Structure formats: C-alpha cells, structure tokens
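Student: build me a structure from this.
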Amino acid sequence: MQLVRVSTAYVEGGLPHIWLHGAQARRCPQCDRTRLALGNRSELHRAIAARLVIKPYSLAPEEVRFLRSHLGCANDQLARCLGVSPETASRWASTTAHARINPTAERLLRLIVAMRCGIDCDPIDVCTSIAESSAAEPIALRDVEGHWVEAR
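Tutor: Numbering: from 1, shown residues only. Next comes the predicted model:
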C-alpha cells in the first residue's frame with residue numbers, strides 16, 4: 001500500500017456534501033483503488049461540526065443527526081436537553097419524516113455543540129444569522145498538517 005493525498009467526498013460521516021482535500025489515503029498498487037486513511041477522525045468531525053454551527057441556513061435532518069452523534073448524545077438525552085419529546089427529536093433527524101427542527105431548538109443545539117466542542121464563535125452571530133430556508137451547502141475541508149481547515 002502506498003500513501004497518497006486525495007480529494008474526495010467524505011460519506012462515512014453521513015453527510016452527502018462534505019469534501020476533503022489533501023486527505024491521506026492508501027492506494028493499492030495492484031488494483032489502483034484508494035481507501036481513506038484518516039488518523040484523527042475526531043478532529044475532522046469537530047471541523048465539520050464547527051462549519052455546521054455557523055452555517056447560515058437551517059439544519060437538514062442528516063446534519064441534526066450528525067451533531068447529535070458528535071455530541072455523543074442518545075436521542076432521548078438530546079430531547080430532554082432541548083425540551084421536546086424523544087419522538088419529536090427523532091423526527092428532526094429523520095430524512096423520511098419531513099419534520100424540520102424548530103428555530104429555537106436549532107439555535108440551542110448549535111450553541112450546545114459550540115460550547116461542548118470548544119468551537120470559537122460568537123453566540124449572537126450564531127443565533128441571528130440563520131436564514132429560514134434550508135440549503136445543503138457544500139463543506140470543503142483541507143488537511144493541513146493533521147488539522148482540518150476550511151478549503152478555499
């Protein structure tokens with residue numbers, strides 16, 4: 001196996017719009033297939049969570065599910081934290097239920113993620129910059145010496 005740097009979609013996180021640039025991968029010399037060789041997934045997931053916290057649009061269900069998972073919360077624990085029933089929280093994270101997280105709960109979820117994960121952001125900006133429409137904007141990250149930063 002040969003170590004290479006690749007640009008690829010990151011589907012393992014459950015989000016369809018994450019792109020990694022300069023990610024380490026192993027390439028098989030016989031079949032030429034590559035497989036991601038991410039050393040520190042928690043750092044990558046923290047970088048993704050940070051981008052979601054400051055995203056200017058409402059969170060999509062898979063983004064709610066990603067943030068819940070990143071927090072390490074069970075559905076019922078997150079529901080209690082946000083003051084809703086477990087069924088409601090479950091619907092917010094379901095792509096088939098067509099239920100959107102309510103704006104107040106979304107702001108609280110973003111602030112919880114920011115505080116718990118040590119994401120440096122202005123809470124007022126987080127709470128006031130969310131447009132009511134939802135858009136899955138691509139998140140592009142680049143590996144710079146083991147740290148994931150926004151790719152420009």
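Student: give me the below-cutoff pLDDT ranges for this structure.
Tutor: Along the chain, the parts satisfying pLDDT under 70 run over 135.
Student: list the buried ones in the lengthiest strand in it?
Tutor: Using DSSP state E to assign secondary structure, the strand with the most residues in the chain is strand 18-27. Residues of strand 18-27 classed as buried: 18, 20, 21, 23, 25 (neighbour count, 16 or more other Cβ atoms under 10 Å). Where C-beta positions appear, they are placed from N, C-alpha and C, glycine not excepted.
Student: ditto for stretch 87-104
Tutor: Taking 16+ other Cβ under 10 Å as the basis for neighbour counts, the residues of stretch 87-104 that come out buried are 88, 89, 90, 91, 92, 93, 100, 101.
Student: so the third one sits in a strand?
Tutor: No - secondary structure of residue 90 (DSSP: H, G, I helix; E, B strand; the rest coil): helix, not part of a strand.
Student: that one is in contact with residue 75, isn't it?
Tutor: Yes - under the contact definition of Cβ atoms under 8 Å, residue 90 touches residue 75, with a separation of 5.4 Å.
Student: got a list of what the nearest residue to residue 95 once chain neighbours are set aside touches?
Tutor: Computed as Cβ to Cβ, 6 or more residues apart in numbering, the closest residue to residue 95 that is not its neighbour in sequence is residue 61, at 4.8 Å. By Cβ atoms under 8 Å, 6 or more residues apart in numbering, residue 61 lies in contact with 92, 93, 94, 95, 97.
Student: make it 6 Å
Tutor: For residue 61, the contact set (Cβ atoms under 6 Å, 6 or more residues apart in numbering) comprises 93, 94, 95.
Student: over to residue 9?
Tutor: If you count contacts by Cβ under 6 Å, 6+ apart, residue 9 has them with residue 19.
Student: ok, it to residue 71 distance?
Tutor: Relative to residue 71, residue 9 is positioned 24 Å away (Cβ to Cβ, to the nearest Å).
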